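Colleague: Okay, sequence plus prediction incoming.
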Amino acid sequence: MSEQDFWHIVETSLDKNVPVGSIEQDEALIQILETKSIDELVGFQLRLLELRSGLFSKHVHLVAEQLDYTTHPEVLNRFKNGIIASGKAFYCNAKDDTEFLNTLLKNNVEALRNCYYEGFSLVAPAAFHELTDYKESWDRVLLKAKRELDIQKLDARRNESKDIDNFLLRNQF
């Protein structure tokens with residue numbers, strides 16, 4: 001799933017005026033995701049994981065630490081989920097502006113403390129199970145997609161390496 005499609009889904013859930021990280025946002029996201037294909041559900045989950053890894057930075061970790069969200073990797077992931085579920089602008093600010101989260105921490109600690117979303121990692125699997133009536137394994141489908149993505153990335157690196165080698169040969173470096 002493209003990043004644009006992912007953000008469209010998140011923003012559509014927020015357009016329903018549901019609190020970030022709430023059961024209502026779970027329901028809104030699941031309702032949207034139930035209209036998608038299995039491949040799109042998997043793509044949504046993989047995009048979530050990719051965006052979450054994009055929040056692997058010192059400034060995000062320091063704010064999470066001040067909120068006591070670093071006690072366990074899953075707790076930190078739920079904080080990152082909350083950042084992502086707050087929408088693209090919030091995510092980009094949190095990721096790219098080292099002072100954005102610090103300013104929120106100083107000015108509105110409770111709003112930032114509520115930026116915690118346990119269920120975000122579960123909305124795509126829930127939609128998957130609704131669509132398949134539990135006849136397929138989410139874990140198996142997701143693992144297969146991750147493997148395919150890893151193979152694609154490896155092939156892309158190989159091609160990039162070949163391009164560099166060809167360039168160097170042509171230019172005799």
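Modeller: That came in fine, so what should we check first?
Colleague: what sits against the residue nearest the centre of the chain?
Modeller: Residue closest to the average C-alpha location in the chain (Cα atoms, centre = their mean): Leu48, at 2.0 Å. By Cβ atoms under 8 Å, 6 or more residues apart in numbering, the contact set of Leu48 is Phe6, Asn81, Ile84, Phe120, Ser121, Ala124. Where you see a C-beta, it was placed from the backbone N, CA and C, and this is true even at glycine.
Colleague: Ok, Met1 next?
Modeller: By Cβ under 8 Å, 6+ apart, the residues touching Met1 are Glu40, Gly43, Phe44, Leu46, Arg47.
Colleague: How many neighbouring residues does the first one have?
Modeller: The reference is to Glu40. By other Cβ atoms under 10 Å, the residues close to Glu40 number 17.
Colleague: do the same with the one 4 residues further on
Modeller: Here the count is done by other Cβ under 10 Å, and Phe44 has 23 residues near it.
Colleague: Which positions in the lowest-mean-pLDDT helix or strand in the chain come out as buried?
Modeller: Using mean pLDDT, DSSP states H and E, the weakest-scoring helix or strand in the chain turns out to be helix 138-171, at a mean of 82. Neighbour-count burial for helix 138-171, counted by 16 or more other Cβ atoms under 10 Å, picks out Trp138, Val141, Leu142, Ala145.
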